[in-house]
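>>> pasted the sequence and its predicted model underneath.
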Amino acid sequence: MNKADETYHWLSADPAWVSTKHEGDKVIVFERAGLVFVFNFHTFKSFSDYKVGVEVSGKYKIVLDSDREEFGGHKRVSPDSEFFTFNEGYNGRRNHMCVYIPCRVALVFAKVG
């Protein structure tokens, strides 16, 4: 997280916009400093094509994945994955993208280009 802050300065940015707080799924999604943070706190439930609202359209890549091997994870998400937005609003945001979020994982996405 600290390395991500060195690059994106999200800690000193304006407050975040929380678009998802889903108690049943145990998922929290928020945007801050142009980054999209997705946390899945569920102990056993992973989600494929989970709909995530984002304000800015475009292509996104993963800049932090807590499931990487170096963090003791299981490498369930490809680091080369690209995520494209759909021009359809969701959860108070103008666009959305669909992502795979394994259980007990935090992913941070940044817009490319």
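Structure received.
>>> listing partners with orientation, what would you give for the host helix or strand of S48?
Here S48, judged by DSSP states H and E, is contained in strand 47-54. On the basis of DSSP bridges, the sheet neighbours of strand 47-54 come out as strand 95-101 (antiparallel).
>>> in the strand it pairs with, what's buried?
For strand 95-101, the neighbour count (16 or more other C-beta atoms under 10 Å) marks 95-97, 99-101 as buried. All C-beta spots, glycine's among them, are computed from the backbone N, C-alpha and C.
>>> mind exporting that strand as PDB, just the C-alpha atoms?
Output in PDB follows, covering the C-alpha atoms of strand 95-101 (Å, rounded to 0.1, in the frame of the first residue of the first chain):
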ATOM      1  CA  ASN A  95     -19.600   3.600 -15.700                       C
ATOM      2  CA  HIS A  96     -18.800   0.100 -14.500                       C
ATOM      3  CA  MET A  97     -16.400  -2.700 -15.100                       C
ATOM      4  CA  CYS A  98     -16.600  -6.400 -14.200                       C
ATOM      5  CA  VAL A  99     -13.800  -8.000 -12.200                       C
ATOM      6  CA  TYR A 100     -12.800 -11.300 -10.600                       C
ATOM      7  CA  ILE A 101     -12.300 -10.900  -6.900                       C
END
